[in-house]
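> Need a 3D model of the sequence below.
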Amino acid sequence: MITIKSPREIEAMRLAGKITAAARAFAGEMVKPGVTTQEIDKAVQQFIKQHGAVPSFLGYNGFPGSCCISVNDEVIHGIPGKRVLKEGDIVSIDVGAYIGGYHGDCAATFACGEVSDEAKRLIEVTEQSFYEGLRYAKEGCRVSDISAAVQRYVEKEGFSIVREYVGHGIGRNLHEAPEVPNYGEPGRGPRLLRGMTLAVEPMVNAGTAAIRNLSDGWTVKTKDGKYSAHYENTILITEGDPELLTDPKKVELV
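Predicted coordinates for the structure are as follows:
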């Protein structure tokens, strides 16, 4: 069931989103050659707790990290560990924070030192595809209007959209109805109403859309070994333009 958030719930989600966005920015600053993914994860966990929240992902369905850290051809759900980042890597960090009974969820892909022009373009296109979809995150539009805009832009730029994993509603639970695919025909799915909160998250591959799941039960990689990027924000449907609850331009926490 899709939940419409009350003004009180929206305020709680604004706080969760603010902490989550700050944690993403904090994690991104740590992406440097020589740093391990586990070091980033532990620092993010501490950061979230220092701001009165708890990591949404830690222990979620058994996930062992506080954030998902996926490197190069890892699409999503990379488990933090001893891997040492190196020059030229691209690093997708997905983070969530839970406070006051509500979750925030966001992700971005960061360049580790100097990366190739193609990797830069993949990161840029993935982020922009979110904003292309955001134009349709308005009351009266349908969920698939967002989906179609993301797919249209990504494929126009010569990249591929992952089909098996999608965005989602968010609130008291990390994953709620409705699902928000990053592909499809416009004019389908639930109609967007003010008070709905969604996590929209394009996952974009440099090569084909095909993926494979690793035996660890979590990590998803591209089948062809080419790079993948991920970008996500939690958004609120309003009577006008959508509000980014994890707005990267309004990060104030230290």
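> can you give me the helices in the stretch 101-250 of the chain?
Along the stretch 101-250 of the chain, counting by DSSP state H, counting those that start in this stretch, helices occupy 117-134, 143-156.
> what would the ones you listed look like in TSV with distance to T208, mean pLDDT and mean neighbour count?
The C-beta positions use only the backbone N, C-alpha and C, and glycine is treated the same way. Shown next, in TSV, are these (distance: least, CB to CB, whole Å; pLDDT from 0 to 100; neighbours: other CB atoms under 10 Å):
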stretch	distance to T208	mean pLDDT	mean neighbour count
helix 117-134	14	98	19
helix 143-156	12	98	22
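> distance of the closest residue to H175 other than its chain neighbours from I211?
Distance criterion CB to CB, 6 or more residues apart in numbering; nearest residue to H175, sequence neighbours excluded, is H168 at 4.8 Å. Using CB to CB, to the nearest Å, H168 is found at 18 Å from I211.
> How about T37?
20 Å.
> Compare these two (neighbour count), which wins?
Between T37 and I211, counting by other CB atoms under 10 Å, T37 is the more crowded of the two (25 against 20).
> List the residues that contact C112.
V31, K32, P33, L85, K86, E87, G88, D89, I90, V91 (CB atoms under 8 Å, 6 or more residues apart in numbering).
> Do I have it right that the last one meets C67?
No - the pair V91 / C67 is not scored as a contact, 10.9 Å apart, by CB atoms under 8 Å.
> Excluding chain neighbours, what is closest to I76?
V220 (5.2 Å).
> Name all residues that make contact with the one you found.
S70, E74, V75, I76, H77, E164, Y165, I211, R212, N213, L214.
> Tell me, how many residues neighbour the residue nearest to H175?
Close neighbours of H168, defined as other CB under 10 Å, add up to 18.
> ditto for the one 4 residues further on
When neighbours are defined as other CB under 10 Å, R172 has 14 of them.
> my guess is it meets G101, correct?
Yes - R172 lies in contact with G101 (CB under 8 Å); the separation is 6.0 Å.
> re earlier: can I get the helices of the stretch 101-250 of the chain in CSV with distance to L193?
Shown next, in CSV, are the helices of the stretch 101-250 of the chain (distance: least, CB to CB, whole Å):
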stretch, distance to L193
helix 117-134, 17
helix 143-156, 11
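> closest to V251 out of these?
helix 117-134 (15.4 Å; CB to CB).
> hang on, the earlier thing: and the residue nearest to H175, how close does it get to V143?
Taking CB to CB, one finds H168 at 11 Å from V143.
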